[in-house]
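Asks: Fold the stuff below for me.
(one chain, ligands or ions: 1)
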Amino acid sequence: MTDLPADLPADTTADTTTDQLVPLPAEADVAICGAGPIGAATAYFLARPGLRVVVINHDPEDDPANLATYRYSGGSIRWTWPDPVKREMTTETEKFIRGAAPLADLAMLQNTYHLLHTGELIPALNVSATRLVGLLRDQATELGVQFVDDTAVTGVRPEGLGHVVETSRGSIRAGRVLAAMGAANASVFPESSATPEKRQLFVLDLPVPPEREQMPHTIVPVGDGFGYVFLKLIDDRLRVVVGQEDIVEDDDTSGPVDHWTTILDRGLAATLPWLRDARVDDILWGVDTAQKTLVVDEPAPGLLIANCGSAIRSAAWLGRTLAERLGS
Ligand SMILES: Cc1cc2nc3c(=O)[nH]c(=O)nc-3n(C[C@H](O)[C@H](O)[C@H](O)COP(=O)(O)OP(=O)(O)OC[C@H]3O[C@@H](n4cnc5c(N)ncnc54)[C@H](O)[C@@H]3O)c2cc1C
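Replies: Got it, this is the predicted structure:
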(Lines give C-alpha, C1' and ligand atoms only; values in the text may rest on other atoms or scores of the structure.)
Protein backbone atom coordinates (compact mmCIF):
# COMPACT_ATOMS: atom_id res chain seq x y z
CA MET A 1 0.00 0.00 0.00
CA THR A 2 1.19 3.50 -0.72
CA ASP A 3 0.52 6.72 1.13
CA LEU A 4 0.45 8.61 -2.13
CA PRO A 5 -2.95 9.47 -3.57
CA ALA A 6 -4.20 6.99 -6.10
CA ASP A 7 -5.74 9.42 -8.55
CA LEU A 8 -3.35 12.35 -8.54
CA PRO A 9 -3.02 13.57 -12.12
CA ALA A 10 0.31 15.04 -13.08
CA ASP A 11 -1.29 17.89 -15.02
CA THR A 12 -3.48 19.55 -12.38
CA THR A 13 -1.16 20.19 -9.46
CA ALA A 14 0.88 23.30 -9.00
CA ASP A 15 4.64 23.03 -9.45
CA THR A 16 5.78 24.03 -6.00
CA THR A 17 9.41 23.08 -5.62
CA THR A 18 10.92 25.24 -2.91
CA ASP A 19 12.99 27.39 -5.28
CA GLN A 20 9.82 28.43 -7.12
CA LEU A 21 7.82 29.70 -4.16
CA VAL A 22 5.41 32.49 -5.01
CA PRO A 23 6.18 35.64 -2.98
CA LEU A 24 3.70 36.20 -0.17
CA PRO A 25 1.51 39.24 -0.95
CA ALA A 26 1.24 41.84 1.82
CA GLU A 27 -2.54 42.12 1.65
CA ALA A 28 -5.75 40.90 0.03
CA ASP A 29 -9.48 41.57 0.17
CA VAL A 30 -10.04 37.94 1.14
CA ALA A 31 -7.49 35.37 2.33
CA ILE A 32 -8.48 31.72 2.04
CA CYS A 33 -6.58 29.19 4.14
CA GLY A 34 -6.52 25.81 2.34
CA ALA A 35 -6.95 24.93 -1.35
CA GLY A 36 -9.11 21.82 -1.05
CA PRO A 37 -12.61 21.68 -2.58
CA ILE A 38 -14.05 24.30 -0.21
CA GLY A 39 -11.13 26.73 -0.56
CA ALA A 40 -10.67 26.34 -4.32
CA ALA A 41 -14.41 26.59 -5.08
CA THR A 42 -14.84 29.67 -2.87
CA ALA A 43 -11.83 31.32 -4.50
CA TYR A 44 -13.37 30.72 -7.92
CA PHE A 45 -16.75 32.22 -6.99
CA LEU A 46 -15.17 35.15 -5.11
CA ALA A 47 -12.90 36.09 -8.00
CA ARG A 48 -15.76 36.50 -10.45
CA PRO A 49 -16.80 39.92 -9.04
CA GLY A 50 -13.14 40.96 -9.13
CA LEU A 51 -12.05 40.79 -5.47
CA ARG A 52 -8.34 40.37 -4.67
CA VAL A 53 -8.20 36.82 -3.37
CA VAL A 54 -5.17 34.96 -2.01
CA VAL A 55 -5.27 31.24 -1.22
CA ILE A 56 -2.60 29.93 1.15
CA ASN A 57 -2.09 26.18 0.96
CA HIS A 58 0.11 23.64 2.67
CA ASP A 59 -0.25 20.30 0.94
CA PRO A 60 2.86 18.11 1.15
CA GLU A 61 1.87 15.26 -1.15
CA ASP A 62 4.49 12.83 0.10
CA ASP A 63 3.80 13.38 3.80
CA PRO A 64 1.64 10.55 5.21
CA ALA A 65 0.48 12.90 7.99
CA ASN A 66 -0.83 15.53 5.60
CA LEU A 67 -4.50 16.26 5.94
CA ALA A 68 -5.63 16.99 2.37
CA THR A 69 -8.66 14.74 2.62
CA TYR A 70 -9.91 15.37 -0.91
CA ARG A 71 -6.97 13.42 -2.38
CA TYR A 72 -8.40 10.21 -0.89
CA SER A 73 -12.06 10.96 -1.53
CA GLY A 74 -14.46 8.53 -3.20
CA GLY A 75 -15.68 11.35 -5.47
CA SER A 76 -19.26 10.04 -5.55
CA ILE A 77 -22.00 12.53 -6.39
CA ARG A 78 -25.72 11.87 -6.15
CA TRP A 79 -28.20 14.71 -6.26
CA THR A 80 -31.64 13.31 -5.48
CA TRP A 81 -32.21 13.47 -1.72
CA PRO A 82 -35.38 13.69 0.37
CA ASP A 83 -33.62 16.39 2.44
CA PRO A 84 -34.07 19.75 0.61
CA VAL A 85 -30.73 21.20 1.79
CA LYS A 86 -28.70 18.22 0.58
CA ARG A 87 -30.71 18.26 -2.65
CA GLU A 88 -29.88 21.91 -3.29
CA MET A 89 -26.18 21.46 -2.44
CA THR A 90 -25.71 18.51 -4.73
CA THR A 91 -27.99 19.52 -7.61
CA GLU A 92 -26.08 22.77 -8.05
CA THR A 93 -22.78 20.87 -7.98
CA GLU A 94 -23.96 18.24 -10.45
CA LYS A 95 -24.89 21.00 -12.93
CA PHE A 96 -21.57 22.76 -12.38
CA ILE A 97 -19.60 19.54 -12.92
CA ARG A 98 -21.47 18.62 -16.10
CA GLY A 99 -20.78 22.14 -17.41
CA ALA A 100 -17.10 21.95 -16.43
CA ALA A 101 -16.47 18.40 -17.63
CA PRO A 102 -15.69 19.35 -21.26
CA LEU A 103 -12.92 21.66 -19.96
CA ALA A 104 -10.89 18.97 -18.21
CA ASP A 105 -10.60 15.23 -17.76
CA LEU A 106 -12.36 14.65 -14.43
CA ALA A 107 -12.19 10.81 -14.75
CA MET A 108 -15.99 11.01 -14.72
CA LEU A 109 -18.23 7.94 -14.67
CA GLN A 110 -22.03 8.04 -14.96
CA ASN A 111 -23.57 5.36 -12.82
CA THR A 112 -26.53 4.53 -10.59
CA TYR A 113 -26.88 3.97 -6.87
CA HIS A 114 -28.72 0.72 -6.19
CA LEU A 115 -30.18 0.53 -2.68
CA LEU A 116 -30.50 -3.23 -2.22
CA HIS A 117 -32.93 -3.00 0.73
CA THR A 118 -35.50 -0.90 -1.17
CA GLY A 119 -34.65 -1.74 -4.77
CA GLU A 120 -34.35 2.00 -5.49
CA LEU A 121 -32.14 3.15 -8.39
CA ILE A 122 -30.70 6.67 -8.08
CA PRO A 123 -28.67 8.45 -10.79
CA ALA A 124 -25.11 9.39 -9.81
CA LEU A 125 -21.69 10.49 -11.03
CA ASN A 126 -18.20 9.64 -9.91
CA VAL A 127 -15.26 12.00 -10.44
CA SER A 128 -11.65 12.37 -9.40
CA ALA A 129 -11.78 14.86 -6.53
CA THR A 130 -8.15 15.74 -7.19
CA ARG A 131 -8.94 16.68 -10.76
CA LEU A 132 -12.04 18.64 -9.74
CA VAL A 133 -9.97 20.68 -7.29
CA GLY A 134 -7.31 21.13 -10.00
CA LEU A 135 -9.95 22.46 -12.39
CA LEU A 136 -11.35 24.88 -9.80
CA ARG A 137 -7.82 26.10 -9.09
CA ASP A 138 -7.09 26.58 -12.79
CA GLN A 139 -10.32 28.53 -13.31
CA ALA A 140 -9.75 30.68 -10.21
CA THR A 141 -6.17 31.39 -11.33
CA GLU A 142 -7.43 32.54 -14.73
CA LEU A 143 -9.70 35.00 -12.92
CA GLY A 144 -6.74 36.45 -11.00
CA VAL A 145 -6.71 34.48 -7.75
CA GLN A 146 -3.22 34.06 -6.34
CA PHE A 147 -2.38 30.62 -4.93
CA VAL A 148 0.52 30.54 -2.47
CA ASP A 149 1.59 26.92 -1.99
CA ASP A 150 4.00 25.25 0.43
CA THR A 151 2.93 27.76 3.06
CA ALA A 152 1.24 26.66 6.29
CA VAL A 153 -1.29 28.87 8.05
CA THR A 154 -0.47 28.95 11.76
CA GLY A 155 -3.06 31.41 13.07
CA VAL A 156 -5.28 34.43 12.43
CA ARG A 157 -5.47 37.51 14.66
CA PRO A 158 -7.66 40.62 14.45
CA GLU A 159 -6.08 43.91 13.36
CA GLY A 160 -8.07 47.10 12.87
CA LEU A 161 -11.18 46.30 10.83
CA GLY A 162 -9.60 43.17 9.35
CA HIS A 163 -7.30 40.28 10.17
CA VAL A 164 -3.69 39.19 9.93
CA VAL A 165 -3.09 35.65 8.69
CA GLU A 166 0.10 34.24 10.17
CA THR A 167 1.92 31.68 8.03
CA SER A 168 5.16 29.71 7.99
CA ARG A 169 6.54 32.36 5.59
CA GLY A 170 5.28 35.61 7.10
CA SER A 171 1.90 37.30 7.41
CA ILE A 172 -0.84 38.68 5.14
CA ARG A 173 -3.40 41.36 6.02
CA ALA A 174 -6.91 40.63 4.76
CA GLY A 175 -10.32 42.21 5.20
CA ARG A 176 -12.00 38.81 5.45
CA VAL A 177 -10.64 35.32 6.01
CA LEU A 178 -11.97 31.85 5.22
CA ALA A 179 -10.48 28.87 7.05
CA ALA A 180 -10.95 25.90 4.68
CA MET A 181 -8.27 23.50 5.87
CA GLY A 182 -10.59 20.54 6.43
CA ALA A 183 -9.62 18.55 9.51
CA ALA A 184 -6.70 20.95 10.10
CA ASN A 185 -9.18 23.76 10.84
CA ALA A 186 -9.60 22.27 14.30
CA SER A 187 -5.88 22.41 15.14
CA VAL A 188 -5.48 26.03 14.02
CA PHE A 189 -8.89 27.09 15.42
CA PRO A 190 -9.86 25.04 18.50
CA GLU A 191 -13.22 26.90 18.53
CA SER A 192 -14.32 25.05 15.34
CA SER A 193 -17.57 23.18 16.07
CA ALA A 194 -17.23 20.58 13.28
CA THR A 195 -17.01 16.96 14.45
CA PRO A 196 -14.08 15.03 12.95
CA GLU A 197 -14.74 11.59 11.48
CA LYS A 198 -12.37 9.03 10.01
CA ARG A 199 -13.33 7.51 6.64
CA GLN A 200 -11.72 4.73 4.61
CA LEU A 201 -12.17 3.13 1.22
CA PHE A 202 -10.73 -0.25 0.24
CA VAL A 203 -9.42 -0.48 -3.33
CA LEU A 204 -9.64 -4.16 -4.27
CA ASP A 205 -7.38 -6.23 -6.52
CA LEU A 206 -10.36 -7.48 -8.55
CA PRO A 207 -10.31 -7.15 -12.34
CA VAL A 208 -13.34 -5.45 -13.92
CA PRO A 209 -14.43 -7.60 -16.88
CA PRO A 210 -16.78 -6.04 -19.49
CA GLU A 211 -19.88 -7.61 -17.88
CA ARG A 212 -19.10 -5.76 -14.63
CA GLU A 213 -18.34 -2.36 -16.19
CA GLN A 214 -21.95 -1.18 -15.73
CA MET A 215 -22.11 -2.33 -12.11
CA PRO A 216 -24.19 0.13 -10.04
CA HIS A 217 -22.92 1.84 -6.88
CA THR A 218 -24.43 -0.83 -4.64
CA ILE A 219 -25.56 -0.04 -1.09
CA VAL A 220 -25.70 -3.22 1.00
CA PRO A 221 -27.30 -3.30 4.48
CA VAL A 222 -24.98 -5.17 6.89
CA GLY A 223 -25.98 -5.46 10.57
CA ASP A 224 -26.70 -1.95 11.91
CA GLY A 225 -24.76 -0.35 9.08
CA PHE A 226 -24.16 -0.69 5.39
CA GLY A 227 -21.41 -1.29 2.89
CA TYR A 228 -21.09 0.37 -0.49
CA VAL A 229 -19.39 -1.13 -3.50
CA PHE A 230 -18.68 0.95 -6.57
CA LEU A 231 -16.44 1.42 -9.59
CA LYS A 232 -13.97 4.28 -9.80
CA LEU A 233 -11.44 5.32 -12.43
CA ILE A 234 -8.07 5.42 -10.68
CA ASP A 235 -4.98 6.07 -12.80
CA ASP A 236 -7.15 5.48 -15.90
CA ARG A 237 -8.09 2.00 -14.66
CA LEU A 238 -11.53 0.88 -13.45
CA ARG A 239 -11.23 -0.32 -9.87
CA VAL A 240 -13.69 -1.94 -7.46
CA VAL A 241 -13.85 0.20 -4.31
CA VAL A 242 -15.65 -0.58 -1.03
CA GLY A 243 -16.60 1.67 1.88
CA GLN A 244 -18.65 1.09 5.00
CA GLU A 245 -20.60 2.91 7.68
CA ASP A 246 -21.38 1.45 11.10
CA ILE A 247 -20.30 -2.12 10.25
CA VAL A 248 -16.96 -1.58 12.01
CA GLU A 249 -16.27 1.35 14.35
CA ASP A 250 -12.88 2.93 13.64
CA ASP A 251 -11.78 6.16 15.33
CA ASP A 252 -8.05 5.67 14.76
CA THR A 253 -7.13 8.91 13.03
CA SER A 254 -3.41 8.08 12.96
CA GLY A 255 -3.60 5.93 9.84
CA PRO A 256 -5.52 3.35 7.81
CA VAL A 257 -6.72 0.13 9.45
CA ASP A 258 -7.46 -2.95 7.35
CA HIS A 259 -10.94 -4.19 8.41
CA TRP A 260 -11.62 -5.88 5.10
CA THR A 261 -12.06 -9.46 6.33
CA THR A 262 -14.22 -8.28 9.26
CA ILE A 263 -16.54 -6.43 6.90
CA LEU A 264 -16.79 -9.51 4.68
CA ASP A 265 -17.45 -11.81 7.64
CA ARG A 266 -20.09 -9.55 9.19
CA GLY A 267 -22.31 -9.95 6.14
CA LEU A 268 -20.95 -8.28 3.02
CA ALA A 269 -19.68 -11.58 1.57
CA ALA A 270 -23.00 -13.30 2.28
CA THR A 271 -24.81 -10.72 0.11
CA LEU A 272 -22.09 -10.27 -2.53
CA PRO A 273 -20.15 -13.59 -2.64
CA TRP A 274 -18.01 -12.43 -5.59
CA LEU A 275 -16.14 -10.17 -3.15
CA ARG A 276 -15.12 -13.05 -0.86
CA ASP A 277 -11.68 -13.74 -2.36
CA ALA A 278 -10.76 -10.15 -3.11
CA ARG A 279 -7.62 -8.66 -1.55
CA VAL A 280 -7.02 -5.03 -0.62
CA ASP A 281 -4.55 -3.26 -2.93
CA ASP A 282 -4.79 0.15 -1.30
CA ILE A 283 -6.69 1.97 1.43
CA LEU A 284 -7.80 5.54 0.74
CA TRP A 285 -8.38 7.22 4.07
CA GLY A 286 -8.74 10.62 5.59
CA VAL A 287 -10.17 12.61 8.46
CA ASP A 288 -13.40 14.19 7.36
CA THR A 289 -16.25 16.15 8.98
CA ALA A 290 -19.15 14.07 10.31
CA GLN A 291 -21.76 16.71 9.31
CA LYS A 292 -22.68 16.39 5.62
CA THR A 293 -24.00 19.95 5.39
CA LEU A 294 -22.09 23.22 5.79
CA VAL A 295 -20.82 24.02 9.30
CA VAL A 296 -19.63 27.63 9.67
CA ASP A 297 -18.20 29.23 12.79
CA GLU A 298 -17.55 32.97 12.88
CA PRO A 299 -15.41 33.59 16.00
CA ALA A 300 -14.80 37.20 14.88
CA PRO A 301 -16.65 39.32 12.30
CA GLY A 302 -15.29 38.47 8.85
CA LEU A 303 -13.44 35.31 9.94
CA LEU A 304 -15.32 32.18 8.78
CA ILE A 305 -14.29 28.63 9.65
CA ALA A 306 -16.00 26.27 7.18
CA ASN A 307 -16.29 22.48 7.19
CA CYS A 308 -18.45 20.00 5.30
CA GLY A 309 -18.23 16.21 5.17
CA SER A 310 -19.53 16.02 1.60
CA ALA A 311 -17.48 18.77 0.01
CA ILE A 312 -17.01 17.02 -3.35
CA ARG A 313 -20.65 16.45 -4.18
CA SER A 314 -21.43 19.92 -2.73
CA ALA A 315 -18.39 21.85 -4.00
CA ALA A 316 -20.12 24.40 -6.25
CA TRP A 317 -22.88 25.18 -3.73
CA LEU A 318 -20.32 25.55 -0.92
CA GLY A 319 -18.12 27.85 -3.02
CA ARG A 320 -20.99 30.08 -4.13
CA THR A 321 -22.59 30.22 -0.67
CA LEU A 322 -19.35 31.07 1.14
CA ALA A 323 -18.36 33.59 -1.55
CA GLU A 324 -21.69 35.37 -1.06
CA ARG A 325 -21.04 35.62 2.70
CA LEU A 326 -17.45 36.77 2.28
CA GLY A 327 -18.06 39.12 -0.62
CA SER A 328 -21.01 41.02 0.85
C1 LIG B 1 -12.35 7.95 2.26
C2 LIG B 1 -13.17 9.18 1.94
C3 LIG B 1 -14.18 9.10 0.98
C4 LIG B 1 -14.95 10.24 0.69
N5 LIG B 1 -15.91 10.16 -0.28
C6 LIG B 1 -16.62 11.26 -0.60
C7 LIG B 1 -17.57 11.22 -1.65
O8 LIG B 1 -17.75 10.18 -2.29
N9 LIG B 1 -18.27 12.36 -1.95
C10 LIG B 1 -18.08 13.52 -1.25
O11 LIG B 1 -18.75 14.53 -1.55
N12 LIG B 1 -17.17 13.59 -0.25
C13 LIG B 1 -16.45 12.49 0.08
N14 LIG B 1 -15.52 12.56 1.08
C15 LIG B 1 -15.43 13.80 1.84
C16 LIG B 1 -14.60 14.88 1.14
O17 LIG B 1 -13.38 14.36 0.67
C18 LIG B 1 -14.37 16.02 2.15
O19 LIG B 1 -15.64 16.50 2.56
C20 LIG B 1 -13.56 17.15 1.54
O21 LIG B 1 -12.27 16.71 1.15
C22 LIG B 1 -13.39 18.30 2.55
O23 LIG B 1 -12.91 19.40 1.84
P24 LIG B 1 -12.13 20.60 2.56
O25 LIG B 1 -11.80 21.58 1.49
O26 LIG B 1 -12.91 21.04 3.73
O27 LIG B 1 -10.82 19.91 3.19
P28 LIG B 1 -9.61 19.10 2.54
O29 LIG B 1 -10.07 18.27 1.41
O30 LIG B 1 -8.93 18.41 3.67
O31 LIG B 1 -8.66 20.24 1.97
C32 LIG B 1 -7.99 21.10 2.89
C33 LIG B 1 -6.82 21.79 2.20
O34 LIG B 1 -6.16 22.62 3.18
C35 LIG B 1 -4.76 22.31 3.20
N36 LIG B 1 -4.22 22.57 4.55
C37 LIG B 1 -4.28 21.78 5.65
N38 LIG B 1 -3.65 22.37 6.68
C39 LIG B 1 -3.21 23.57 6.23
C40 LIG B 1 -2.48 24.66 6.83
N41 LIG B 1 -2.11 24.65 8.13
N42 LIG B 1 -2.19 25.75 6.07
C43 LIG B 1 -2.57 25.81 4.77
N44 LIG B 1 -3.24 24.80 4.15
C45 LIG B 1 -3.56 23.70 4.87
C46 LIG B 1 -4.72 20.83 2.80
O47 LIG B 1 -3.45 20.41 2.35
C48 LIG B 1 -5.78 20.81 1.69
O49 LIG B 1 -5.22 21.26 0.46
C50 LIG B 1 -14.72 11.45 1.39
C51 LIG B 1 -13.70 11.53 2.34
C52 LIG B 1 -12.93 10.40 2.61
C53 LIG B 1 -11.82 10.50 3.62
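
Asks: What are the boundaries of the helices in the protein?
Replies: 37-47, 84-100, 129-142, 185-188, 260-263, 269-271, 315-327 (DSSP state H).

Asks: Please work out which of those helices is packed deepest.
Replies: Burial of the helices of the chain is given as mean neighbour count (mean count of other C-beta atoms under 10 Å); helix 37-47 ranks first at a mean of 28. Heads up, the C-betas are built off the backbone N, CA and C, glycines and all.

Asks: Most proximal residue of the stretch 101-250 of the chain with respect to the ligand?
Replies: Nearest residue of the stretch 101-250 of the chain to the ligand, counting by C-beta to the nearest ligand atom: Gly182, 2.4 Å away.

Asks: Kindly reformat the helices of the chain as JSON lines containing mean pLDDT.
Replies: Shown next, in JSON lines, are the helices of the chain (pLDDT from 0 to 100):
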{"stretch": "helix 37-47", "mean pLDDT": "97"}
{"stretch": "helix 84-100", "mean pLDDT": "97"}
{"stretch": "helix 129-142", "mean pLDDT": "97"}
{"stretch": "helix 185-188", "mean pLDDT": "94"}
{"stretch": "helix 260-263", "mean pLDDT": "98"}
{"stretch": "helix 269-271", "mean pLDDT": "97"}
{"stretch": "helix 315-327", "mean pLDDT": "97"}
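
Asks: Could you pull up the contacting residues of the closest residue to Phe45 other than its chain neighbours?
Replies: Using C-beta to C-beta, 6 or more residues apart in numbering and skipping the chain neighbours, the partner closest in space to Phe45 is Ala323 (3.5 Å). Ala323 makes contacts with Thr42, Phe45, Leu46, Arg48, as judged by C-beta atoms under 8 Å, 6 or more residues apart in numbering.

Asks: let's see it at 6 Å
Replies: Taking C-beta atoms under 6 Å, 6 or more residues apart in numbering, we find Ala323 in contact with Thr42, Phe45, Leu46.

Asks: try Ile263
Replies: Applying C-beta under 6 Å, 6+ apart, one finds that Ile263 lies in contact with Gln244, Ile247.

Asks: For the spatially most central residue of the chain, list the residues it contacts.
Replies: Nearest to the mean C-alpha position of the chain, by C-alpha atoms, centre = their mean, lies Tyr70 at 3.2 Å. Shown in contact with Tyr70 (C-beta under 6 Å, 6+ apart): Gly36, Pro37, Ala129, Val133.

Asks: Let's have these in a markdown table, adding distance to Pro25.
Replies: Output for the contacts of Tyr70, formatted as a markdown table (distance: C-beta to C-beta, whole Å):
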| residue | distance to Pro25 |
| --- | --- |
| Gly36 | 21 |
| Pro37 | 23 |
| Ala129 | 28 |
| Val133 | 22 |
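
Asks: State the pair within these that is farthest apart.
Replies: For the contacts of Tyr70, with distances taken as C-beta to C-beta, the pair at the greatest spread is Gly36 and Ala129 (8.7 Å).

Asks: Get me the contact residues on the stretch 51-200 of the chain for the ligand.
Replies: Within reach of the ligand by C-beta under 6 Å from any ligand atom, the stretch 51-200 of the chain has these residues: 56-59, 66-70, 72-76, 129, 152-153, 180-182, 184, 188, 199-200.

Asks: Mark which of the residues you listed are part of strands, please.
Replies: The members of these that map onto strands under DSSP state E are Ile56, Ser76, Val153, Arg199, Gln200.

Asks: Can you spell out which residues form a bridge with the nearest residue to Leu121 once chain neighbours are set aside?
Replies: Leaving aside its chain neighbours, Leu121 sits nearest to Thr112 (5.1 Å; criterion: C-beta to C-beta, 6+ apart). Listed beta-bridge partners, Thr112: Pro123 (assigned using DSSP bridges).
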